[in-house]
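S.K.: Next come a sequence and a model predicted from it.
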Amino acid sequence: MHIYFHQIKCSWLYTLEQMKGCDSTVLTEDSVKMAVHFCLPYLASLGIQSLVQQGTRQGKTAHKLMDALKDTDVLHWKHSLSELIEISLAQTTSIWRMYGKSTMALQQAQLLLHMSSLEPVNYGVEQNNTEAFAVALCHLAELHAEQGLYAAVSDILQHLKDQFPAHTQHAKLWMLCDQKIQFQRHMIEGQYNLAEQLVPSISALNKTEGLYRKVQVLKVLHRTTEAYSILQRLQVHCEKTKCTEMIIRVMLSTAELHWESSGFSTALPLLFQALALARQHHLQSLASETLLHLTFTQLMLGVPEQALLVLHEAIEPVLAHGALVDKGRALLLAARCQMAVAGFRPNRQGQTDLHVVVSAVDMLNEAAVYFSKLNCKEHLREVHYLQAQLYHSLGQTSQRNKSAMLFRLLDQDLQSPALPLSMRL
């Protein structure tokens, strides 16, 4: 009984730690040792999982956290603690996603669902209605959305709604997931008015997420002053709560605001700080995103050779684990860097390396596939604009005319002038 209350006390201490910045790690470690000593596997496992959660905030490497979870899995299987097996798999899914390993996250989520499907069904008893199951399905929905598989996303969310009706305990998980996916899709498709309408409902579920998405809308609407004010508030809040991922995202958004005023050199310190923080906490996806921002900034500062070196470090993990929109942006950026390094200028045939032009065309073609799948018309318009220039330099008139026609159709459809290439990544 003493161990039980000690574990509860440590759980409360961890909750307080998130608010006030104190450290309950040592106390949790002591409780785990006591639980193991008194042969209480359930409490020992909960303690280890709590330590793993704390480790993600402290910048522990993925392999150390996975080793700790592996130890708990031995306890789970040995004592048939099926509930804790589910929690461990859901936690592993979340860790892989946080560290930017989407393939591993997908595998762990599917493993949890597969295990749940193997359990015997007791008629009249609700199956797969645990928090771990909800978390895994939300991750699956987001992972499918990142790849533009919106039909599958709809099926997953419908299953979540059936399993966790709006009035039940874990419904908030899929509600926030659904709103975030819708918001991101509207932003990618350029439907900013629809995205803006979702901000209040996201804020009601999670104030921090709501504020961050409000900034995204304000940026594309060029309401820079309002966006900057919110980012300052977010920065202070996230530093207090030690939300490293959001701190990095705030830094990236602030750098983007500097771009709008052509302050590319002033964006560099922010980006280097964000990159150091992402690497310190082993957040690969955010590190790659920061490297893309650094590449774009250096390209705009007129050092495309350096930009291309930075991009080479980022592009492999983006293509392996990134969302479709990030893959498209990385390839578009790579093509622009290659064109700049080669000294490409429109209407100047024979002045650039043929192999560079062909390579840039291939990259743009691949980027167009990704953007088309997402119906990302603004980026597609940019791709076709550059394609037309490159095909012209190659003397491929029919391909040039096709790209020019696609650019013209998108330009008319969007009914808004294309942003200068120096204004967006």
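M.R.: Okay, I see it.
S.K.: contacts, neighbours, all on C-alpha from now
M.R.: Fine.
S.K.: Pretty sure S288 sits against A314.
M.R.: Yes. When contacts are counted by C-alpha atoms under 8 Å, S288 is listed as touching A314 (4.9 Å).
S.K.: the more surrounded of the two?
M.R.: Shown here are S288 and A314; by other C-alpha atoms under 10 Å, S288 has more neighbours (26 against 21).
S.K.: For that one, which residues are in contact?
M.R.: By C-alpha atoms under 8 Å, 6 or more residues apart in numbering, the residues touching S288 are 313-315, 317-318.
S.K.: Which pair of the residues you listed spans the longest distance?
M.R.: Using C-alpha to C-alpha, the two most remote members of those are E313 and V318, lying 9.7 Å apart.
S.K.: Who has more neighbours out of those two?
M.R.: The residue with more neighbours, out of E313 and V318, is V318; 23 against 14, by other C-alpha under 10 Å.
S.K.: That one in helix, strand or coil?
M.R.: Of the three states, V318 takes helix under DSSP: H, G, I helix; E, B strand; the rest coil.
S.K.: Count residues in the vicinity of the nearest residue to it once chain neighbours are set aside, would you?
M.R.: Nearest non-adjacent residue to V318, counting by C-alpha to C-alpha, 6 or more residues apart in numbering: K327, 6.0 Å away. K327 has 23 neighbours, counted by other C-alpha under 10 Å.
S.K.: K327: which element?
M.R.: helix 324-341 (DSSP states H and E).
S.K.: now stretch 359-371: how far from the chain's centre is it?
M.R.: 22 Å (C-alpha atoms, centre = their mean, to the nearest Å).
S.K.: mean confidence for that stretch?
M.R.: In this model, stretch 359-371 has a mean pLDDT of 96.
S.K.: what does it rub up against?
M.R.: Residues outside stretch 359-371 that contact it (C-alpha under 8 Å, 6+ apart): 324-325, 327-329, 331-332, 334-336, 338-339, 377, 379-380, 383, 387, 390-391.
S.K.: Roughly how far does A335 sit from F264?
M.R.: Per C-alpha to C-alpha, to the nearest Å, A335 is found 20 Å from F264.
S.K.: Can you pick out the residue with more neighbours from the two?
M.R.: A335 (26 against 21).
S.K.: What segments of the stretch 51-200 of the chain are helices?
M.R.: 62-78, 82-98, 102-118, 131-146, 150-163, 171-188, 192-205 (DSSP state H, counting those that start in this stretch).
S.K.: out of those, nearest to Y228?
M.R.: Among the helices of the stretch 51-200 of the chain, helix 192-205 sits nearest to Y228 (C-alpha to C-alpha), with 16.9 Å.
S.K.: List the contacts of that closest one.
M.R.: So helix 192-205 is in contact with 172, 175-176, 179-180, 182-184, 186-187, 209-211, 213-214, 217, 220, going by C-alpha under 8 Å, 6+ apart.
S.K.: Give me the mean pLDDT for the helix or strand just after that helix.
M.R.: The first helix or strand that comes after helix 192-205 along the chain, using DSSP H and E, is helix 207-220. Across helix 207-220, the average pLDDT comes to 96.
S.K.: Report all helices and strands that whichever helix or strand comes after helix 207-220 contacts.
M.R.: Once the chain leaves helix 207-220, the next helix or strand it forms, by DSSP H and E, is helix 224-241. If contacts are counted by 3 or more C-alpha pairs under 8 Å, 6 or more residues apart in numbering; DSSP states H and E, helix 224-241 sits against helix 2-20, helix 207-220, helix 244-260.
S.K.: Next, the buried residues of the one helix or strand L268 maps to.
M.R.: Counting by DSSP H and E, the element that carries L268 is helix 264-280. Applying a neighbour-count criterion of 16 or more other C-alpha atoms under 10 Å, the buried positions in helix 264-280 are 264, 267-268, 270-271, 274-275, 277-278.
S.K.: same deal with stretch 179-192?
M.R.: 179-190, 192.
S.K.: Tell me which two in those residues are the farthest apart.
M.R.: Across those, the longest distance by C-alpha to C-alpha is 16.4 Å; it joins Q179 and G190.
S.K.: And the residue nearest the centre of the chain, how far from V318?
M.R.: The residue lying closest to the centre of the chain (C-alpha atoms, centre = their mean) is S285, at 6.6 Å. From S285 across to V318, the span is 7 Å (C-alpha to C-alpha).
S.K.: Same check on H144?
M.R.: 16 Å.
S.K.: Check V356 too.
M.R.: 22 Å.
S.K.: How about T103?
M.R.: Distance from T103 to V318, counting by C-alpha to C-alpha: 12 Å.
S.K.: Next SSE downstream of the helix holding K327?
M.R.: Note on helix 324-341: by DSSP H and E, the next helix or strand toward the C-terminus is helix 354-374.
S.K.: That next one to helix 324-341, inter-axis angle?
M.R.: Orientation of helix 354-374 against helix 324-341 (axes from the mean of the first three to the mean of the last three C-alpha atoms, to 10 degrees) gives an angle of 160 degrees.
S.K.: and the following helix or strand past helix 354-374, what other elements does it pack with?
M.R.: On the C-terminal side of helix 354-374, the closest following helix or strand by DSSP H and E is helix 377-394. For helix 377-394, the packing partners by 3+ C-alpha pairs under 8 Å, 6+ apart come out as helix 354-374, helix 397-414.
S.K.: Need the winner for burial among these.
M.R.: The highest mean neighbour count among the helices and strands packed on helix 377-394, using mean count of other C-alpha atoms under 10 Å, belongs to helix 354-374: a mean of 19.
S.K.: C-alpha coordinates for that helix, PDB please?
M.R.: Output of helix 354-374 as PDB, limited to C-alpha atoms (Å, rounded to 0.1, in the frame of the first residue of the first chain):
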ATOM      1  CA  LEU A 354      23.100  20.600 -69.500                       C
ATOM      2  CA  HIS A 355      23.300  17.900 -66.800                       C
ATOM      3  CA  VAL A 356      22.300  20.500 -64.100                       C
ATOM      4  CA  VAL A 357      19.300  21.600 -66.100                       C
ATOM      5  CA  VAL A 358      18.100  18.000 -66.700                       C
ATOM      6  CA  SER A 359      18.600  17.200 -63.000                       C
ATOM      7  CA  ALA A 360      16.600  20.200 -62.000                       C
ATOM      8  CA  VAL A 361      13.800  19.200 -64.400                       C
ATOM      9  CA  ASP A 362      13.700  15.700 -62.900                       C
ATOM     10  CA  MET A 363      13.400  17.200 -59.400                       C
ATOM     11  CA  LEU A 364      10.600  19.500 -60.400                       C
ATOM     12  CA  ASN A 365       8.700  16.700 -62.100                       C
ATOM     13  CA  GLU A 366       8.900  14.600 -58.800                       C
ATOM     14  CA  ALA A 367       7.900  17.600 -56.800                       C
ATOM     15  CA  ALA A 368       4.900  18.200 -59.100                       C
ATOM     16  CA  VAL A 369       3.700  14.600 -58.400                       C
ATOM     17  CA  TYR A 370       3.700  15.300 -54.700                       C
ATOM     18  CA  PHE A 371       2.000  18.700 -54.900                       C
ATOM     19  CA  SER A 372      -0.600  17.300 -57.400                       C
ATOM     20  CA  LYS A 373      -1.500  14.600 -55.000                       C
ATOM     21  CA  LEU A 374      -2.200  17.200 -52.300                       C
END
